[in-house]
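**Q** sharing a sequence plus its predicted fold:
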Amino acid sequence: MDKHQVQNIIKETFESAFDKERFIGFIKNLLKRIEESSFTYQGQFIPDAYKPYISSLERIGKFNDGENRIDILIVKLQKETSLERARTMQRNFVAWYLNGSRGSEMKDAALVAFVSPDEED
């Protein structure tokens, strides 16, 4: 891929309204080899402390380079202000996810797209 194509992918991904397929394409270009492994948490599967802020969490894939395990997530927020004013809550939610609180193994990191309800941001 040439420099112009890379710039185009970055610009389209970060300067346009959120688009799941565009985000997945960006991730596949960034990490080259992801294991597509998806699931969605919503409703009762979101901890009570985060329900006012988080509508759903979707894992779209996993990346493992032999040393680090990284999950690729899309987190849909309840309201637009959750995107701008609640960075601490967002960090805590991802920390909850990474530490295996939901009954699975711990992860080293997550690459997360936080999406406002209207998906324009």
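**A** In hand now; what should we look at? Numbers count the residues shown, from 1 in each chain.
**Q** give me the distance between Ile34 and Leu73.
**A** 12 Å (C-beta to C-beta, to the nearest Å). (Each C-beta comes from the backbone N, C-alpha and C, glycine too.)
**Q** hang on, I meant Leu31
**A** Shown here: Leu31 relative to Leu73, a distance of 13 Å by C-beta to C-beta.
**Q** more neighbours, these two?
**A** Higher neighbour count among Leu31 and Leu73: Leu73, with 20 against 15, using other C-beta atoms under 10 Å.
**Q** number of residues surrounding the residue nearest to Ser101 when sequence neighbours are not counted?
**A** Of all residues not flanking Ser101 in the chain, Pro47 sits nearest, at 7.6 Å (C-beta to C-beta, 6 or more residues apart in numbering). For Pro47, the number of neighbouring residues by other C-beta under 10 Å comes to 15.
**Q** go ahead and confirm Pro47 touches Trp96.
**A** Yes: at 6.5 Å, Pro47 counts as touching Trp96 under the criterion of C-beta atoms under 8 Å.
**Q** if I look at the two, which residues touch both of them?
**A** When C-beta atoms under 8 Å, 6 or more residues apart in numbering defines a contact, no residue borders Pro47 and Trp96 alike.
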